[in-house]
Every structure is written in C-alpha cells, then in structure tokens.
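Enquirer: Quick one, fold the following:
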Amino acid sequence: MHRDGRRRLLAALMLVTLLSACGLGAAPLADRLALDPSTLERTGRPNDFLVCPEGLCAATSDRVAPVLPVAPADQLRLWEEVVTSSPRARVLQVDETGFTIHAEQRTALMRFVDTIVVRVVPLADGQSSFAAYSRSEIGYSDMGVNQARLEDWIARVEAAAGGA
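Expert: Have a look, this model is predicted:
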C-alpha cells in the first residue's frame, strides 16, 4: 500500500477508536436507562439477546429464564455482584424497588458500548425469575457476544443462587 494510503488508514482507525471510546453512536443514557426487558422492542439485527420467563415479555425471547430459589432482592444483589466482577462492565443504575439493574460493558479492543438490563421477577414461595436483555449499541452483528455474555452471567447467578 502506498505511504499516504497507510497514513490515511491509520488516521481513520485512530478516529474510529477515539469515537468508540467516547461511546459515540450509543443511544443516549436516558434511553438506555429506560429500557425494560418486558416491554422493549428488539433491534431486528443479530446484535441483541433476550431471556424472559414464559409469557412475560412483549418481544419474542431467545431463551426461557429459569426459576431461582432466592428472594427477588437477593437475586438482584447476585446480578450486581456478577456485573461488578466482569471485566470492562459497570453498573449504571440499580432500582431496588423495581428489582432492576442497568449496566454496560465495553468491548476489549474497540471499547464499543453494550447495554444490559435485568429485571428480577418475584414469584410465589420466595422464588424469583428474571428478564434480561443485552444489546450492542453500535453495529449490525455482534458475533454472538451478547448471547455469550448473558449465558455466562446467568450461569454465575444460578450457581450463586444454588439453582444450577
């Protein structure tokens, strides 16, 4: 490749990296914090993943959420622990009365923002379930990252709850 061409390519890559590190292209924070897995609309792209108890969510879910043998407040605490112990992830907001946690995780290389929201669902006999949604804020496909993230986090919450 010609020397000027390489410089332009390098400059373009640096610009994309800088903009993605700033979260440019992500939905506004207020919109991300308003997400509710039970009422949201799917992106229509292969860059999101939804887990719900049967019949709870308006959108078609990718997997049925398990029932866990823990109270809703305890399950919410487990989700918060899983998020905070995950690399490049941070809790954006916890609503203890609505049993909802909003979080984000950035990709390792380009620092793209992924949004995650979990709403714990109280059930009878001190049990609980949850609706969880993870989506990429930028791009068309995520190569299975959102599904893998939620599958991992669900397994960790289940193990901690004694329901695995």
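
Enquirer: now the helices for the chain?
Expert: Taking DSSP state H as the criterion, the chain carries its helices at 3-21, 29-33, 72-84, 145-161.

Enquirer: Would you reformat these as JSON lines and include mean neighbour count?
Expert: Backbone N, C-alpha and C define where each C-beta goes, glycine included. Formatted as JSON lines, the helices of the chain follow (neighbours: other Cβ atoms under 10 Å):
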{"stretch": "helix 3-21", "mean neighbour count": "11"}
{"stretch": "helix 29-33", "mean neighbour count": "13"}
{"stretch": "helix 72-84", "mean neighbour count": "19"}
{"stretch": "helix 145-161", "mean neighbour count": "18"}
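
Enquirer: CSV for the ones you listed, including mean pLDDT and distance to Asp62?
Expert: As requested, the helices of the chain are exported to CSV (pLDDT from 0 to 100; distance: least, Cβ to Cβ, whole Å):
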stretch, mean pLDDT, distance to Asp62
helix 3-21, 62, 26
helix 29-33, 86, 20
helix 72-84, 98, 18
helix 145-161, 97, 7
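
Enquirer: In stretch 131-146, which residues are buried?
Expert: 131-138, 142, 145-146 (16 or more other Cβ atoms under 10 Å).
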